[in-house]
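[1] Model the following, please.
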Amino acid sequence: MCQAPVEIEAGLAEKANCPDVYKVYWYLNSVGMRYLCRMKLIDTHTHLYLEEFEPDRAEIIGRAVAAGVDIMMLPNIDSSSLEPMLMLAEDFPGNCFPMIGLHPTSVKENYRDELALVEKMLQAKNFFGIGECGIDLYWDKTFAREQEYVFRHHIELAAGSGLPLVIHIRESFNEVIRILKEVNNPDLKGIFHCFSGSVEQAKQATGLGFSLGLGGVITFKNNKMQETLKHIDLKHLVLETDAPFLAPVPYRGKRNEPAYIPLIAEKVAEITGTAVEEIAEATSRNAMRLFFPEGKA
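    Predicted coordinates for the structure are as follows:
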């Protein structure tokens, strides 16, 4: 049992071969022995299969595991990302877990063909979530109606498979909430990815049984989610990177990676006045309940 955390000096952390992206602690157990205790964390949203990671993908996964991030969930984008995502999951079966879906910004003229592939793959392979799906009204509204159709189809797939939905909500929170309320399925579960809304929006999402995905944006100065977070119970939160995008401070503007999850956990702990170990335990438990309801990856 871990008790009484004491942050160790940088030199000792270096000797312990620990990455510098998170704090390392010695703990005292019940008989006074000192030992290194890793926090267990889960990255619920990372695109490690993208070409940005081509030069050093294995090293990145190694850094994540060293930082306590043993589980990395891989949301799909479209047909072009499917093969590299599945290859990554095969290469790292104990760490990388794939989802299946069509990202809203990939909803184009061929959306029916893309949907057919999603359905086919869901029948043929083992996936752990439906996504990344949802609605994006930030970049291009040309296919807004088609995006809604595709999102509703993903909801049906999630309901039929029992898998969690990972929902993209850029400039579309109200539209997503409207659709979920119209569907009115209390068995739906999932994550509002990259959530940074108001307290009222958070309550709407969690009231429908969904978790809120917190990423690097929570570390940005004056981010409004920092105030919202003070009013949200830990049972509704999961952590994510959205790597290679949206790296947390002090890496903002650089390539993001799962090893930075502890930085997000520390910021959440600071904002909520909670021990970082409690944040790690709660968010990991919440993620496990969503993606691995049987209790193990």
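
[2] What about Leu117, how many residues nearby?
    16 (other C-beta atoms under 10 Å). The way it works is simple: take the backbone N, C-alpha and C, and place the C-beta from them, glycine included.

[3] Quick check: which element contains it?
    Here Leu117, judged by DSSP states H and E, is contained in helix 111-124.

[4] name the helices or strands packed onto the helix or strand following that helix?
    For helix 111-124, the following helix or strand on the C-terminal side (DSSP H and E) is strand 130-134. Counting contacts by 3 or more C-beta pairs under 8 Å, 6 or more residues apart in numbering; DSSP states H and E, strand 130-134 is packed against helix 144-161, strand 165-168, strand 190-193.

[5] got TSV for these, with mean pLDDT too?
    Shown next, in TSV, are the helices and strands packed on strand 130-134 (pLDDT from 0 to 100):
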stretch	mean pLDDT
helix 144-161	98
strand 165-168	98
strand 190-193	98
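
[6] Can you check which of these gets nearest to Tyr138?
    strand 165-168 (10.0 Å; C-beta to C-beta).

[7] Note down every partner strand of that closest one and its orientation.
    strand 130-134 (parallel), strand 190-193 (parallel) (DSSP bridges).

[8] Just say helix, strand or coil for Leu163.
    coil (DSSP: H, G, I helix; E, B strand; the rest coil).

[9] cool, Phe97 as well?
    Phe97 ends up strand, using three-state DSSP.

[10] Report the beta-bridge partners for it.
    With DSSP bridges as the rule, Phe97 is bridged to Met73.

[11] Count residues in the vicinity of it, would you?
    21.

[12] Quick one: residues contacting it.
    Shown in contact with Phe97 (C-beta atoms under 8 Å, 6 or more residues apart in numbering): 71-74, 89, 128, 291, 297.

[13] Closest to Glu59 out of those residues?
    The nearest member of the contacts of Phe97 to Glu59, counting by C-beta to C-beta, is Met72 at 14.0 Å.
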